[in-house]
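Asks: sharing a model prediction with you, sequence too.
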Amino acid sequence: MTRHLRHCYRCRKLADTARIIVTHESHRFFFRLEMARSVGRIFSGFRCFGSLPFGNPPLKTQCSSVLFRTTSERTLVHALPKIFARKPRDFSLPNSSWGKEMMQLYNHYNRLSKETAEGQEDHGERWTRLPSYNRTLKYATGGVYLSKIIQSKARLFTRNIRDPGTSFEYVIFFRQDKLKCACIFQAGHLLEGAPGHVHGGAIATMIDTVTGTHASLLSAPVMTANLNVNYRSPIPLGSTVLIESILDKEDGRKIYISCRVTSTDGSKLHTEATALFLSISVSHLLKR
């Protein structure tokens, strides 16, 4: 009996000591994470934990052992940022909110974006998808990332809502000869104007986005000088339309572009527009 009590007493002491060590190591661990400014990444990672590609059993085992097994703090500090580091979201890639029509058109232009078949000449008709993020980045050749004027909290107007399918869902493709751009646009329920239909300002925003992107491919940076919009028929909320821009001409710093918004099969004209863009210098944007 006495031996048993001594054994229990030693077990309790060991357990108390283990709890003290774990608590102490936990405080040191989270202090180091805070100093390394990694806590935010960890919590962000936990929020999207279910979306991580953990379908691979070896990866599951590895992540479980790193996260939940009693390991040294050094292993955790080095492993967690690698697991939960998040790449910038490319909004031009398909998500669960994309409808059937949008996916069909996306796949169509993706097929056109493949390398030309061997033995065929490429006359600039191959299409390329443009990545799309929520910051002001330039993808045109010779474009400049204007880091001096970009505010840390600034976000692109059409990419500032993270919930998929609620507002502007679109992807832009351009031809290698840069004479044409095509945008597949699906309007979410937050863009309502007239009951059940897309707000005219949202349509104009998308036209300005597509034509402005087109002009930037030719001569970045640019700014809109003039935009004329003629509305022909309303666009129902939730529907998918095709926005096509065509280069009319270039005249010095001036770039003239025309644009049409149609149904996905081209049978119905919703909106048509013309736009004038001016090529400017970076120093012009830096002026306050």
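Replies: It's in.

Asks: so what's Y170 bridging to?
Replies: F185 (DSSP bridges).

Asks: just checking, it touches C183?
Replies: Yes. Distance between Y170 and C183: 5.5 Å, which falls inside the contact criterion (Cβ atoms under 8 Å). No exception for glycine: its C-beta is placed from N, CA and C like everyone else's.

Asks: now the common contact residues for the two.
Replies: By the contact definition Cβ atoms under 8 Å, 6 or more residues apart in numbering, Y170 and C183 are jointly contacted by 206, 209, 243.

Asks: for the last one, list the residues it contacts.
Replies: When you say that, I think you mean I243. With contacts defined as Cβ under 8 Å, 6+ apart, I243 is in contact with 170, 182-185, 206-207, 210, 259-261.

Asks: also G266?
Replies: Neighbouring residues of G266 by Cβ under 8 Å, 6+ apart: L242.

Asks: okay, now the residue nearest to T166 when sequence neighbours are not counted: neighbour count?
Replies: Sequence neighbours aside, G188 is the residue nearest to T166 in space, at 4.3 Å (criterion: Cβ to Cβ, 6 or more residues apart in numbering). Counted with other Cβ atoms under 10 Å, the neighbours of G188 add up to 19.

Asks: kindly report the same for G99.
Replies: The local packing of G99 (other Cβ under 10 Å) involves 13 other residues.

Asks: show the average pLDDT along whichever strand or helix holds R111.
Replies: Assessed by DSSP states H and E, R111 sits inside helix 100-112. In this model, helix 100-112 carries a mean pLDDT of 94.

Asks: swap in stretch 186-205?
Replies: 97.

Asks: go on, stretch 231-239?
Replies: 97.

Asks: export only the CA atoms of that stretch, formatted as CSV.
Replies: Taking C-alpha atoms only, stretch 231-239 is exported to CSV below (Å, rounded to 0.1, in the frame of the first residue of the first chain):
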residue,chain,number,x,y,z
TYR,A,231,-26.4,50.5,-73.1
ARG,A,232,-28.4,48.3,-75.4
SER,A,233,-30.0,45.7,-73.2
PRO,A,234,-29.8,45.0,-69.4
ILE,A,235,-27.7,42.2,-68.0
PRO,A,236,-29.4,39.9,-65.5
LEU,A,237,-27.7,39.4,-62.2
GLY,A,238,-25.8,36.1,-62.0
SER,A,239,-25.4,35.8,-65.7
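
Asks: how about W127, what does it touch?
Replies: For W127, the set of contacting residues under the criterion of Cβ under 8 Å, 6+ apart consists of 109, 112-113, 173-176, 182.

Asks: and the pLDDT for it?
Replies: At W127, pLDDT is 93.

Asks: thinking again about what came up before, okay, and which of the shared contacts of Y170 and C183 map to helices?
Replies: Among the shared contacts of Y170 and C183, the members falling in helices are 206, 209 (criterion: DSSP state H).
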